[in-house]
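In: Return a 3D structure for these sequence lines:
(one chain, ligands or ions: 2)
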Amino acid sequence: MHAATFQDSMNVPMKADSLPQSVVSAPPILAIKNLTVSFDGFKAVDDLSMSINEKELRVIIGPNGAGKTTLLDMICGKTKPTSGSIRFRDLELTRLPDFQIVRKGVGRKFQNPSIYEDLTVGENLEISIPQAHGVWASILFRRTRQVKERIGSIAEQIMLADHLRTKSGRLSHGQKQWLEIGMLLVQDPDLLLLDEPVAGMSPREREQTAELLKTIALGKSLVVIEHDMDFVKAIANTITVLHQGKLLSQGSVDQVQNDPRVIEVYLGH
Ligand SMILES: Nc1ncnc2c1ncn2[C@@H]1O[C@H](COP(=O)(O)OP(=O)(O)OP(=O)(O)O)[C@@H](O)[C@H]1O
Ligand SMILES: [Mg+2]
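Out: Ligands and ions are numbered 1, 2, ... in the order given. Now for the predicted structure:
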């Protein structure tokens, strides 16, 4: 179990030069401490502490209503916590409005794809480019070759290079999910939050998405909420299990699957 990851990383002495390199653990990109949100007295997330490392791909699982989406809502500033802290590097996110959190490098994909169906794939990617200051600056900026190349390479990465001129409404459900991931990548966030990215996908699309997320995680941190255990096994190093707003279990796929508390929650009723 790695339930004490947050504590461990906080307790590491900062005298880096006096320690062998292997002992010095980098500070987490995201450190959540004692996070609670209460809706009319009901705690959807309840005193949760956990942390995510730089370039880590973390999967969060848990039964319906466990608080997974609510947790992402708090990280991206959509919901303000009742108490607790969310640190993204040296920033306290609970004090920032959602648009600032995006600008600071946190990208969020919601449970349902929110793309513009009447626009082409290329146009959807273009409008996701962070705004340059001023309307004219922004228009000129969008026309540069650099931008075109960047959109081309992201389209390639999300397996839609042959669909740049396709109206997004004509894409398969899976391709729409990829487009939305691409729209996040255009913003070049350091931390991506994905809520059920393979919902409604074919088995083949799920495999391709697993590869896509593993590639993204080479350069960014990812938090992925997912129910599909085959998919989870394909991508996860560490799994965090939430239940009733609390951290139930955390560890490798094997550790979590053999944890009696997890078995009880999934099979015990
Ligand atoms: N704005 C809100 N007001 C009141 N209750 C809420 C609100 N948002 C979430 N909840 C409640 O908090 C609990 C956690 O919901 P959440 O959507 O975070 O669960 P989840 O783990 O994402 O579930 P699922 O796997 O079904 O997506 C649920 O009981 C839900 O009804
Ligand atoms: Mg949810």
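
In: which residues in the stretch 151-269 of the chain form helices?
Out: 173-186, 203-216, 229-235, 253-257, 260-267 (DSSP state H, counting those that start in this stretch).

In: would you turn those into a markdown table with mean pLDDT, mean neighbour count and distance to ligand 1?
Out: Glycine gets a C-beta too; all of them are placed from N, C-alpha and C. A markdown table is the format used below for the helices of the stretch 151-269 of the chain (pLDDT from 0 to 100; neighbours: other Cβ atoms under 10 Å; distance: least, Cβ to the nearest ligand atom, whole Å):
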| stretch | mean pLDDT | mean neighbour count | distance to ligand 1 |
| --- | --- | --- | --- |
| helix 173-186 | 94 | 22 | 16 |
| helix 203-216 | 96 | 17 | 17 |
| helix 229-235 | 94 | 18 | 13 |
| helix 253-257 | 95 | 16 | 16 |
| helix 260-267 | 91 | 14 | 12 |
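
In: Show the subsequent helix or strand relative to the helix or strand of the chain with the lowest mean pLDDT.
Out: Scoring the helices and strands of the chain by mean pLDDT, DSSP states H and E places helix 5-11 at the bottom, with a mean of 40. Along the chain past helix 5-11, the next helix or strand (assigned with DSSP states H and E) turns out to be strand 30-39.

In: right, is that next one up against ligand 1?
Out: Yes: judged by Cβ under 6 Å from any ligand atom, strand 30-39 comes into contact with ligand 1 at residue 39.

In: counting contacts, what elements does the helix or strand following that strand pack onto?
Out: Elements were assigned by DSSP H and E; along the chain past strand 30-39, the next helix or strand is strand 42-52. Using 3 or more Cβ pairs under 8 Å, 6 or more residues apart in numbering; DSSP states H and E as the contact test, the elements touching strand 42-52 are helix 5-11, strand 30-39, helix 68-75, strand 246-251.

In: Give me the mean pLDDT for strand 42-52.
Out: The pLDDT scores in strand 42-52 average 98.

In: Is it correct that residue 74 is in contact with residue 36?
Out: No: here residue 74 does not reach residue 36: they are 9.6 Å apart, not a contact under Cβ atoms under 8 Å.

In: Thanks a lot, catch you later.
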